[in-house]
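Novice: kindly generate the corresponding structure for this input.
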Amino acid sequence: MGYKSFCCLLLLLTGNVSLRAQGIDDISPMAIYNIGLVGCDSIGVNVLKTFISTGEARCVAVFDEKTTLAESAEREITSIQDKAPLLYNDYCKMLDRRDLDIVLIAVSKEEQDKFFLKACEYDKNIYIEISQCLSPEEIQPLVDATHRMSGVVQVGRSSLGVNNMIARIKDFLSFLSGLKDKTSYPIESAVCLE
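Specialist: Numbers count the residues shown, from 1 in each chain. Alright, predicted model coming up:
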């Protein structure tokens, strides 16, 4: 057998093996986005559950400064997905994960800036739940931080209702999967209109 024939045979064999392996799961692992949840109160967990319900996301990491909230969220998340997320007591260690595709931030208005800016430093895709609009002065540092990163930001507003939350999550996932060329609710959309 010649070299070219051997290479063609090898290519055919490896192609068939990869096709068979790909058919094992209904959803390719590359189509599932790994989420790290920051803020484990009911709002954060409900937004996360909506992400998981799309079939395109799973929670791999949980962080909350209140350990009891994080542990409670971990139990609740484990009941709706196959694998338990890892609990982190150090936010930066969670952000260090290379497999973390999305950081879901659902914390109080007083805390959101520090978590958002740190996630921007780590160049992560961010879905931030903002319950009330921000003044131009409040939002400017957040906007500036997004210009120094390659990740994308989507603003969630679960306070506007479940349908709005679902639409924003689907919009964000559509952008990440390449179905849309931009998100509909970037960080600038959180500014108060006067």
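Novice: what about the nearest residue to Cys192 once chain neighbours are set aside, how many residues nearby?
Specialist: Nearest residue to Cys192, sequence neighbours excluded (Cβ to Cβ, 6 or more residues apart in numbering): Cys133, at 3.9 Å. No exception for glycine: its C-beta is placed from N, CA and C like everyone else's. Residues contacting Cys133 under the criterion other Cβ atoms under 10 Å number 15.
Novice: name the helices or strands packed onto the strand or helix carrying Lys114?
Specialist: Per DSSP states H and E, Lys114 falls inside helix 109-121. Other helices and strands packing on helix 109-121, by 3 or more Cβ pairs under 8 Å, 6 or more residues apart in numbering; DSSP states H and E, are helix 91-95, strand 102-105, strand 125-129, helix 136-146.
Novice: residues in contact with that helix: which ones?
Specialist: Contacting residues not belonging to helix 109-121 are listed as 38-39, 91-92, 95, 103, 105, 107, 126, 128, 130-132, 141-142, 145-146, 148-149, 151 [Cβ atoms under 8 Å, 6 or more residues apart in numbering].
Novice: and stretch 167-187, by the same measure?
Specialist: Contacts for stretch 167-187 (Cβ under 8 Å, 6+ apart): 31, 33, 47, 50-51, 54, 56-57, 101-102, 125, 127-128, 139, 142-143, 146, 152-157.
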